[in-house]
Structures are given as structure tokens and as C-alpha cells.
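Asker: just need the structure, nothing else, for what follows:
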Amino acid sequence: MAAAVEQNGMEKISDEIVLHILQFLPLDDVLNVQRVSRRFSRICQDKTLWRYTELRSCYGLSDDLLKDIVSHQAVNIQHLSLHGCYWLHSTAIEVLSRCVNLRTLNLSHCRVTTKCLSKILSATKELRHLAWDVEGGFRPSFLSQECKETLKKLKVLKQVYPFEVHQDLFGVLTFCPALERIYLLGNVQLSNVACWTYNPLEEDQAAVSVRNLKELVCYGFENSEVASSVFNLLTGSIKQGDPHPTLHSYCISGGPFVTYEKAVGSYAQAFEPFKADLLQLDLSSGREGICSISDLEKTKNLQFLRLSYNYCLHSYDLMTVSTVCQNLRVLNLMGCRYCFSCSERFDWDLSGLEAVAENCPHLHSLNLSGAHHCNSFGCPNVFPSDDLADTIAKMKGLVSLSLPACSVGTSKKSKKSRMDPMFQGNGPRPQTSSRTSHYSKADPQILNLWKIVQGCPLVEEFELLGVGFHSQLVHKALHHKSERDKGGFFVYRPCDDVKSRIKDVDLSCICEWQKLRKLTLGALPGVVTGEFLQALPERCPALRYLSLANLGPTGQCIYSKNLLAALRRMPHLQDFRFEQPNFNVAWSFLEALYNCVDLQRLCVVARNGEIDPHLTLKLFEKCKHLVVCQLFTMGQVLASHRLQQLIRQRYQSERPALHVVILHLLMEDSRSLSQLIPMVHLEEFTMYKSRVGEQPL
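Answerer: Down below sits the predicted model:
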């Protein structure tokens, strides 16, 4: 063994260099390295390696392993993140009370009881940053006096509300008067305020001092009383003559179904004192007449701007945004159906977006999903997607991009150009390989999406979403709400232009994004053969997340052959979400997934076929890293429940984070799913929605 190590030259590398290399590895890999030899074990114990302990969604972390890490490195750990470690028990998390030098602690999406939190905070007196989940069992009366003393020194607080919020909405907020940054994050599809009243503060509670406040983010609550109560709590501490705060982030929103008017009342009066210092701002709304873009006149340093579902936004408003906010990094226009028009009659006007492309050179995230941007509004002789593609292509620094499908389809006037541009002559058209794309760099005027690919070569996350598609996992109450609102994301009628203009050839150029890591395609009925999928494994080697929903004509899934062929050559794929109502979950589908050896999360939504128990168990044997398996089909309820229990019994011990849900498709909605699926997976993976530019920076 020693001879082998010496032969590899590892003994010649100094400890300092090895330590420097280890600092770039995830901690779960460091834990494996320290088992190699005594020398590596000694190097891995260096305190600089554990000062920043990042265990975010570390699926191999067990209760015993966490206790072992803390027992050896408790004094060295100063910054610890357990974000997304939902499987850890509260009794295991309590050992963090031994980390007396802890300054930053992230327990969001972890199961933490009030007593557990009190024990940890009572011992970590140097703590300044805290993130955790507020659940229904939270009781402020269980907090010890030592815990409250630590809370008084907190500078940053992030509270996540995964389920229904009751009267304990504030959590520990009222015990933290010295806060500088406040983040209250819910989920508009899941969170709900059952009953909420603004109660007077107790003797040991105090309102946050707004003089010190720099960031305020309150996003994703279905009930407007949440944002209103938080706003009243903060502004209630402002006294006449006090200096105005230097606020950098002001994002208070209830999502697409909550009006800004209800959320914060007199918005303009509250916004005026600190608009010049803002870096992040949320002006999303669900109805007309809620906010005015003129409020942005002094926000020259703005970097994050969310204007989603703002139906009074027009092209000239975007010109104001581009003129004032030239440092903009993220722009979210999801659901803004009039943002490319000069009036509600949809007179086409791209001058606003062109101004954004010209005046905002640092823009890296753009979301235009959730609205029609084509000739469906009574302009039969206008094909605006050509000009729109040219405009987006000017944004050279885009990294994340979300588009409505009808905005990039090849226009009807270019339909004759769909043939191979390299073919010349009158003879028969030459045969092309199924793995060869049907476009050429020599003629970039053929495909609108190719113009964007050529102009934005740095894209790592891309979404192309059609409209009129209802996901089977969307909560039914959302459909009723959106129908009343007449304009929500889910109620747009299907776009005829998507069916006639978005073809397989239009999507073939996606494979030219060599840095592409996340790809989401949904509601594209024009996709028939799916030939573009064949080139994804070789052309996009960095692809780790793939989501496909309702592709192809209604009631058909013709592209399954090319999909399975592509999956067989994607060993590094980590997340795969597949929703196809008429897809048959047969043995060939699971057999193709056997080759995705790095697969970690799998979600399948299909009406046809039944899950084969033997093939499913073999899938877990082949994919050693698979920890999240969500199968929603029309299979028998009893058989699905037995298979679910069998998988848990066989693999739970070796995969601590294992989460398996096998359900009948029509029995559950997202409200009940929130009790079965961890919030971190629902938000990041399970739910079908656009995610570009949704969360503040």
C-alpha cells in the first residue's frame, strides 16, 4: 500500500498543497478522503477546513455522522449550513449547542422544535446570522432567557414558512431588535394564514429598530395580512424626528394573487425615504393601478427588480427602468402581458426591451414567461417574435433566461427556410443523422432561437414554457383563484402559434449552449420526434437538471424513442422531472434511467402504465445516489403503497435522505402533497413553474 502511494507521487505533495485542494471539495468528499490514510486523516482535521462547514443538501449526512463531525470539530466550526437536511432528527441537531463559536447557522428546511432551537441559541452566544423554519408547533414561551439574549444580538434573520401559518407568524422576529436584514419566505402555492391578528408585544418582546434595517424581504404569502402585519411592526417603531433607514432591499409581495394595495397600504409614502439606497425591489401585483414605475426615479443602484403579474406595465415603463436602473442584474416580467405594447390593445412596441438591452449591460437573469408575445392579439400581418429574438440576442451576459414558447418560434414568413441551409441544387435532399441538428451557423436568420443562442453564449439555465397547460400537481384552489382574477399564469388559452411554429428543428439549436446546466421545456405541442434530445448528452456535458412537461400533440408521446436514447447517454444527470399525461411508464423507460448513475431526484407524472416493483428496485440498485423518487401514475393504490414501504425498508439505512412517494395521480393535490414531500423538493423540483428571477438575490 505504501509503495502504491509513493508510486503515485502523493507523498511528494506538501500538506499545505493538499489542504488547499481539499478546501475546494464538498465536505462529504472530505469525509471520504480522511479515511484514505493516517496522513490524510490528520490533514482533514485542520481547523481552517472546518471553519466554513457547508452541508447543504448533503444527502449522505446521517444523525450519527453529524454527531461525529461536531464531536471532533465543534470548536473550529464558525459558519454552518444544514439547509435542506430535512431527514435529520431534532435530537441530532441539538448537538450543535457544542459549537460555542458559531456565528452563522442555517437550519432552513430542517426539523427543528422550539426546545431544540432554544438549546442551541442558549449556548451559541456569538451567533449573528440565523435561518430556520417556523412551523405550527412553534411556542415562544419555550424559549429560555439565555436564548432571548442571543436573539437580541442577531443581525440577520431568515424565517421560512413551509406550511400553514398561524398566530405565531413572527416567530423569533419580535425578540431581535438589532436586526439589519430580515427575510420572511413562504410559498404562494402552499402557505396560508389560517387566522392572523396583530397582537400587542409582550414585555420581553420589541419591534425591530428600523434605523438599523438594510434589507426587508417578505415574499410568497397567499394572505395579504402577513405582509401588512410585518410592515406595521417595523414602521411602528419609527418615531417623529428619527433618521431614515438605509434600506437596500424592499421586497414585500404576496405573489400573483395578492395586491400591493392590501399588502402595505400607502406604499408611496413608506417607500420614499429610502428609495435611493435600494438594491432589490419587488413591485409585482395582480391587478391594474397598484404601483407606478415613476417610483423608480431615484433607485440608481437597483440590481433585482421583480415586476411579475403587473398588468399595467407597458413598453414605456421598461424604458424608464432601463434609464434609471442601469446596474440591473435580475429582471422578472413573468405574466406582464402588455409589457411589449404601448397600450392594452397590444400595439406592438419593443422599444422598452431594446432600451433594457442597451442600457443594462450587467443583466444576467431575464424572465419573460407566462404571457403571449406573438400575433395572437389581432395583428395578423405582424410577426413580432423575429424582432423580439433579435432584441434578446443583444443581451450578451445572460446566464438565466425564461421565455414564452410563442416568442421564439420561426415566423411563417421564414417557414420555407426550415430546410437544410447547406443544401444547394434541385436534386433529392441529402439524408442527415438523427444526431445532427438541422441548422447551420452560416445562416443565423433561419431560427429565432438560434439568434438568441448565438447572441447569448453564456446561458446556463433556460426555460421555454407554453401557456394553457395545467400541471397535474398544481393545487386546485389556484385554478379557482386564477379564473376569478382573469389573467393568472394558468388560465391563458392554448396558443395556436406554438403549435404551428415551435417544431423540433426550432429546439435543435439549444444544444449549442455548452454551459447549459438546467433545461425546462413545457407545453410545446409542435414537438413530434424530439430529435433535438439526441444531441443533448454530447453537446451539453454540463447538463444536470432536465424537466420536460407535456411535449407533443395532445394525447400522444411520439418522441419517447429519442428521449430514451438520450437518457441512456446521460450518466451525470442529477435531477429529472418528466410530466407527460399520455406516456406509458413501461420497462424501457426505467431501463433507460439505469444509465443515469448520478441521478439524485426523479419525478414522473403520467396517466398510463403501472410501476413494475422489480424494475423500480433495480433502479435504486443501479443509481446509488438516488434519494428522491416521486412517481405519480394511475397504478393500484395498494400496490403502490407496498412498493413505497419496501423501498424505504431496503434503502433507508444506507441513504439517510431517502424520500419516496408513489401515489395515484388523481388522489392528491399540492396542499396534501406539502405534508408528504419536503418543502425544499416541492419548491426546487416537484412543482411545475418558472424559477428564473423569482427569489431575491
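
Asker: what are the ranges of the helices in the stretch 301-450 of the chain?
Answerer: In the stretch 301-450 of the chain, the helices defined using DSSP state H, counting those that start in this stretch lie at 315-324, 351-359, 385-392, 448-455.

Asker: what helix or strand is the residue lying closest to Val33 once chain neighbours are set aside on?
Answerer: Using Cβ to Cβ, 6 or more residues apart in numbering and skipping the chain neighbours, the partner closest in space to Val33 is Phe40 (5.4 Å). Placement of C-beta: from N, CA and C, glycine included. If you go by DSSP states H and E, Phe40 is part of helix 38-43.

Asker: can you dump the C-alpha atoms of that helix in PDB for me?
Answerer: Extracted in PDB, the C-alpha atoms of helix 38-43 (Å, rounded to 0.1, in the frame of the first residue of the first chain):
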ATOM      1  CA  ARG A  38      -3.400   8.500   8.600                       C
ATOM      2  CA  ARG A  39      -1.800  11.400   6.900                       C
ATOM      3  CA  PHE A  40      -5.000  12.400   5.100                       C
ATOM      4  CA  SER A  41      -6.900  11.900   8.300                       C
ATOM      5  CA  ARG A  42      -4.500  14.400  10.100                       C
ATOM      6  CA  ILE A  43      -4.800  16.900   7.300                       C
END
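
Asker: just the residues contacting it, thanks.
Answerer: Residues outside helix 38-43 that contact it (Cβ atoms under 8 Å, 6 or more residues apart in numbering): Asp15, Val18, Leu19, Leu22, Val33, Gln34, Arg35.

Asker: re the thing from before, for burial, what's the neighbour tally of the residue nearest to Val33?
Answerer: 18 (other Cβ atoms under 10 Å).

Asker: what's the answer for Asn332, then?
Answerer: Using other Cβ under 10 Å, Asn332 has 27 neighbouring residues.

Asker: quick check, it in contact with Arg306.
Answerer: Yes - between Asn332 and Arg306 there is a contact at 4.3 Å, judged by Cβ atoms under 8 Å.

Asker: common neighbours of those two, please.
Answerer: Ser284, Gly693, Glu694.

Asker: could I get the residues you listed in JSON lines, plus columns for pLDDT?
Answerer: JSON lines is the format used below for the shared contacts of Asn332 and Arg306 (pLDDT from 0 to 100):
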{"residue": "Ser284", "pLDDT": "72"}
{"residue": "Gly693", "pLDDT": "87"}
{"residue": "Glu694", "pLDDT": "81"}
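
Asker: which one of the contacts of helix 38-43 is nearest Asn327?
Answerer: Among the contacts of helix 38-43, Leu22 lies closest to Asn327 (Cβ to Cβ), at 36.5 Å.

Asker: can you redo the helices of the stretch 301-450 of the chain as JSON lines with distance to Gly466?
Answerer: Below are those laid out as JSON lines (distance: least, Cβ to Cβ, whole Å):
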{"stretch": "helix 315-324", "distance to Gly466": "23"}
{"stretch": "helix 351-359", "distance to Gly466": "21"}
{"stretch": "helix 385-392", "distance to Gly466": "14"}
{"stretch": "helix 448-455", "distance to Gly466": "14"}
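
Asker: compare those and say which comes out lowest on pLDDT.
Answerer: Mean pLDDT values for the helices of the stretch 301-450 of the chain show the minimum at helix 385-392, a mean of 81.

Asker: which helices and strands does that one pack with?
Answerer: helix 351-359, helix 448-455 (3 or more Cβ pairs under 8 Å, 6 or more residues apart in numbering; DSSP states H and E).

Asker: quick one, the shortest one and helix 385-392 angle?
Answerer: Translated: helix 448-455. 10 degrees (axes from the mean of the first three to the mean of the last three Cα atoms, to 10 degrees).

Asker: what packs against helix 448-455?
Answerer: Right, helix 448-455 is packed against helix 385-392, helix 504-507 by 3+ Cβ pairs under 8 Å, 6+ apart.

Asker: and the next helix or strand along the chain from that helix, which strands flank it?
Answerer: Downstream of helix 448-455, the first helix or strand assigned by DSSP H and E is strand 461-465. In the sheet containing strand 461-465, its partner strands are strand 400-404 (parallel), strand 518-524 (parallel), by DSSP bridges.

Asker: in the longest one, what counts as buried?
Answerer: So the one you mean is strand 518-524. Lys518, Leu519, Thr520, Leu521, Gly522, Ala523, Leu524 (16 or more other Cβ atoms under 10 Å).

Asker: quickly list what the first one is bridged to.
Answerer: What it means is Lys518. Glu461, Tyr545.

Asker: surely Glu654 is in a helix?
Answerer: No - assignment of Glu654 by DSSP: H, G, I helix; E, B strand; the rest coil gives coil, placing it outside any helix.

Asker: how much space between Cys218 and Lys561?
Answerer: Cys218 is 48 Å from Lys561, where distance means Cβ to Cβ, to the nearest Å.

Asker: got it, and Ser81?
Answerer: 43 Å.

Asker: quick one, longest helix in this protein?
Answerer: Assignment by DSSP state H gives helix 637-651 as the longest helix of the chain.

Asker: and for Trp587, the neighbour number?
Answerer: Counted with other Cβ under 10 Å, the neighbours of Trp587 add up to 11.

Asker: just Ile558 next, same as before
Answerer: 13.

Asker: ok, the one 10 residues further on next?
Answerer: Here the count is done by other Cβ under 10 Å, and Arg568 has 15 residues near it.

Asker: can you show me the helices along the stretch 101-250 of the chain?
Answerer: Here the stretch 101-250 of the chain has its helices, by DSSP H, counting those that start in this stretch, at 114-123, 145-151, 224-235.

Asker: flag every buried residue along the shortest one.
Answerer: It refers to helix 145-151. Buried residues in helix 145-151 (16+ other Cβ under 10 Å): Cys147, Lys148, Thr150, Leu151.

Asker: what two of those are the furthest from one another?
Answerer: So, these by Cβ to Cβ: farthest apart are Lys148 and Thr150, at 7.3 Å.

Asker: looking at the helices and strands packed on helix 448-455, which is nearest to Asp29?
Answerer: Of all the helices and strands packed on helix 448-455, helix 504-507 sits nearest to Asp29, with 35.7 Å by Cβ to Cβ.

Asker: mind giving me the packing neighbours of the closest one?
Answerer: For helix 504-507, the elements it packs on are helix 448-455, judged by 3+ Cβ pairs under 8 Å, 6+ apart.

Asker: got the angle between the helix it packs on and helix 351-359?
Answerer: 20 degrees.

Asker: just the CA atoms of helix 448-455, as PDB, please.
Answerer: Output in PDB follows, covering the C-alpha atoms of helix 448-455 (Å, rounded to 0.1, in the frame of the first residue of the first chain):
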ATOM      1  CA  ASN A 448     -35.300  32.800 -34.000                       C
ATOM      2  CA  LEU A 449     -34.000  30.700 -31.100                       C
ATOM      3  CA  TRP A 450     -30.700  30.300 -32.900                       C
ATOM      4  CA  LYS A 451     -30.300  34.100 -32.900                       C
ATOM      5  CA  ILE A 452     -30.600  34.000 -29.100                       C
ATOM      6  CA  VAL A 453     -28.200  31.100 -28.800                       C
ATOM      7  CA  GLN A 454     -25.700  32.900 -30.900                       C
ATOM      8  CA  GLY A 455     -26.100  36.200 -29.100                       C
END
